[in-house]
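Trainee: heads up, no residue letters with this:
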């Protein structure tokens, strides 16, 4: 099977990232694996999507088999690119993160449009472009059942934001509608906070504000639960879940904001949320998703380059990346069967 991973930058994949683990798992299973960055795509005059792809060479497979992720990623970065018609591949696995590269927003929009063309020509694309577009911002959270999430407002209207914060029985969390790594996420105690207007100003420079009621227990961090095909990713009774604990003096649990990972537990309440939203994720073509919970409440969905597998495998010893690739291959086979 020819699997192409679409990433931000084909030369910048870190060995600790879930993307590196998925690439290694695909290589280990004997698939023809290629990596392409969003800046390496093109479209010919006939409308066909092409890409300058770095194909993993046979000599590099030993690095995947030995789980030498550092060596494999370094080898990929040095690999010569080959022009390839994307519609001649079997699977396009989208592992981009547009929120970390806002200066090149047009490239990511174009990439999704070209991915849609691949899908129309029979290529198995995951996550599906239309689903990614629909869930590209935190606004997607408001499409889910109300019991699954905290009270939420998305707005550019300062007065509306202040009124919403005042209606809560406790603190609020304010964040950009499209953000990542805990950047510009603020905790405010009430609508009378001295710096609230400045906080709103900072977020409004990036677009709309998402305001949420702060959930009791948030100081203990959040739980990232990885969902595969609408269900919690589980191997041998162990779930792909990590608890992200904030650094001292910070309420943000993001690893890039100083938080650290501990083994996570999927509670019955979290499972009820997954059961409730799983069919929608599948319907929207969202094959691999990271759900961030505080207590029983879902606070964020990660639908692009969902992370968490590195720590989940470290804590449990289970091969979650391999199982993900297995599910991808099975899904592609089912698509082929339906089409034939």
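Mentor: Thanks, I have the structure now. Computed from a predicted model, the values in this text were never measured in an experiment.
Trainee: helices of the stretch 101-250 of the chain, start to end?
Mentor: If DSSP state H, counting those that start in this stretch is used as the criterion, the helices of the stretch 101-250 of the chain fall at 105-120, 129-134, 158-167, 196-204.
Trainee: what would these look like in a markdown table with mean pLDDT and mean neighbour count?
Mentor: All C-beta spots, glycine's among them, are computed from the backbone N, C-alpha and C. Shown next, in a markdown table, are the helices of the stretch 101-250 of the chain (pLDDT from 0 to 100; neighbours: other Cβ atoms under 10 Å):
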| stretch | mean pLDDT | mean neighbour count |
| --- | --- | --- |
| helix 105-120 | 95 | 18 |
| helix 129-134 | 96 | 19 |
| helix 158-167 | 94 | 16 |
| helix 196-204 | 92 | 16 |
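Trainee: reformat those as CSV; add distance to residue 280.
Mentor: Shown next, in CSV, are the helices of the stretch 101-250 of the chain (distance: least, Cβ to Cβ, whole Å):
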stretch, distance to residue 280
helix 105-120, 19
helix 129-134, 10
helix 158-167, 25
helix 196-204, 28
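Trainee: so which of these gets nearest residue 292?
Mentor: Between residue 292 and the helices of the stretch 101-250 of the chain, the shortest gap by Cβ to Cβ is with helix 129-134, which sits at 17.5 Å.
Trainee: which strands and helices sit next to the closest one?
Mentor: Applying 3 or more Cβ pairs under 8 Å, 6 or more residues apart in numbering; DSSP states H and E, one finds that helix 129-134 contacts helix 105-120.
Trainee: so how far is the helix it packs on from its chain's centroid?
Mentor: 17 Å (Cα atoms, centre = their mean, to the nearest Å).
Trainee: could you find the closest non-adjacent residue to residue 88?
Mentor: residue 2 (7.6 Å; Cβ to Cβ, 6 or more residues apart in numbering).
Trainee: so that neighbour makes contact with residue 51?
Mentor: No: in this structure, residue 2 is not within contact of residue 51 by Cβ atoms under 8 Å, at 12.0 Å.
Trainee: ok, those two, which is more surrounded?
Mentor: Shown here are residue 2 and residue 51; by other Cβ atoms under 10 Å, residue 51 has more neighbours (27 against 16).
Trainee: helix/strand/coil for that one?
Mentor: strand (DSSP: H, G, I helix; E, B strand; the rest coil).
Trainee: next, count neighbours for the residue lying closest to residue 87 once chain neighbours are set aside.
Mentor: Closest residue in space to residue 87, ignoring its immediate chain neighbours: residue 121 at 4.1 Å, by Cβ to Cβ, 6+ apart. By the criterion of other Cβ under 10 Å, residue 121 has 13 neighbours.
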